[in-house]
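Colleague: Sequence plus the predicted model coming up.
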Amino acid sequence: MVKTHVKERAEAMASEMSEDQQTAIRMLANELHRLNQAVVKAVESGLSVELQRTARHHADDGYWGDLLVPIVVKQR
């Protein structure tokens with residue numbers, strides 16, 4: 001199954017991460033889950049939501065991450 005393959009890949013990648021990196025990725029996963037729940041709630045209340053990249057944060061070692069802002073449209 002695809003889900004199993006993804007889980008195995010994630011576990012393999014996690015074993016190659018430092019403790020700080022594993023903590024950071026768990027925090028990110030938890031916050032993304034909360035963001036997704038908020039998007040669902042907004043959509044269910046009659047809004048359309050698009051997440052758009054507004055910037056990219058760069059670290060000194062060449063690592064980067066996208067920063068997002070919601071674009072919200074209320075239907076009539």
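Modeller: Everything's here; your move. The model shown is predicted, which means the values in this text are computed figures rather than measured ones.
Colleague: so how far is stretch 6-18 off the chain centroid?
Modeller: Remark: stretch 6-18 is offset 17 Å from the chain centroid, using C-alpha atoms, centre = their mean, to the nearest Å.
Colleague: hmm, who's touching that stretch?
Modeller: By C-beta atoms under 8 Å, 6 or more residues apart in numbering, the list of residues contacting stretch 6-18 from outside reads Gln22, Ile25. For every residue, glycine as well, the C-beta is placed using N, CA and C.
Colleague: what's the answer for stretch 66-76, then?
Modeller: 39, 42, 46-57.
Colleague: what about 7 Å?
Modeller: With contacts defined as C-beta atoms under 7 Å, 6 or more residues apart in numbering, stretch 66-76 is touched by 42, 46-57.
Colleague: Show me those that map onto helices.
Modeller: Counting by DSSP state H, the contacts of stretch 66-76 place Ala42 in helices.
Colleague: what's the closest of the contacts of stretch 66-76 to Arg26?
Modeller: Taking C-beta to C-beta as the measure, Arg26 lies nearest His57 of those, at 19.1 Å.
Colleague: Would you state the strands of this structure in chain order?
Modeller: Along the chain, the stretches classed as strands by DSSP state E are 47-58, 64-74.
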